[in-house]
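>>> Quick one: sequence plus predicted model below, questions after.
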Amino acid sequence: MCLIDPTTDTGARNERHLCVLYSKNNKTGFEIIHGVLDMIMLKFGVKDYSIRISQHPTYFESRQVEVFLKD
C-alpha cells in the first residue's frame, strides 16, 4: 500500500500488511502462526525481527502481534 508521507523525500511511503488466521475450536494456535511467520521471514531473507503484542481494535484483545524488523 502506498501512503502519503510528507516526511519522506518522495512524499510517499510503502507499507505492507499481512494477516494470517488459524481457527480450531478453543485453541489459539499461536505456535502454528509463529511457524508461518518464521517461514515467511525465511523466504524473504529476513534474519532479525521481533514480535510484540498489539491491541488493534479490529482483532481480539491479546490475540494479535505486530512484527518489527530490526535494523
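Structure's in. What do you need? Numbers count the residues shown, from 1 in each chain.

>>> For the rest of this, base every contact and every neighbour count on C-alpha atoms.
Fine.

>>> For Ser54, give its distance to Thr8.
26 Å (C-alpha to C-alpha, to the nearest Å).

>>> Give me the buried positions along the one helix or strand Ile40 maps to.
According to DSSP states H and E, Ile40 maps onto helix 30-43. Using 16 or more other C-alpha atoms under 10 Å as the test for burial, helix 30-43 gives Leu37.

>>> which other helices and strands contact the very next helix or strand once past that helix?
Later in the chain than helix 30-43, the nearest helix or strand by DSSP H and E is strand 49-53. Contacts defined by 3 or more C-alpha pairs under 8 Å, 6 or more residues apart in numbering; DSSP states H and E place strand 49-53 against strand 65-69.

>>> Show me what the strand it packs on pairs with in its sheet, parallel or antiparallel.
Using DSSP bridges, the strands paired with strand 65-69 in its sheet are strand 49-53 (antiparallel).

>>> so the partner strand versus helix 30-43, what angle?
150 degrees (axes from the mean of the first three to the mean of the last three C-alpha atoms, to 10 degrees).

>>> Where does the prediction get shaky in the protein?
71 (pLDDT under 70).

>>> Most remote residue from the middle of it, which is it?
Asp9 (25.6 Å; C-alpha atoms, centre = their mean).

>>> Just say helix, strand or coil for that residue.
Here Asp9 takes the coil state, with states given by DSSP: H, G, I helix; E, B strand; the rest coil.

>>> Would you enumerate the residues in contact with Met1?
By C-alpha atoms under 8 Å, 6 or more residues apart in numbering, the contact set of Met1 is 14-16.

>>> Recalculate using a threshold of 6 Å.
Met1 is in contact with 14-15, counting by C-alpha atoms under 6 Å, 6 or more residues apart in numbering.

>>> Next one: it from His56, what distance?
To His56, Met1 is 19 Å away according to C-alpha to C-alpha.
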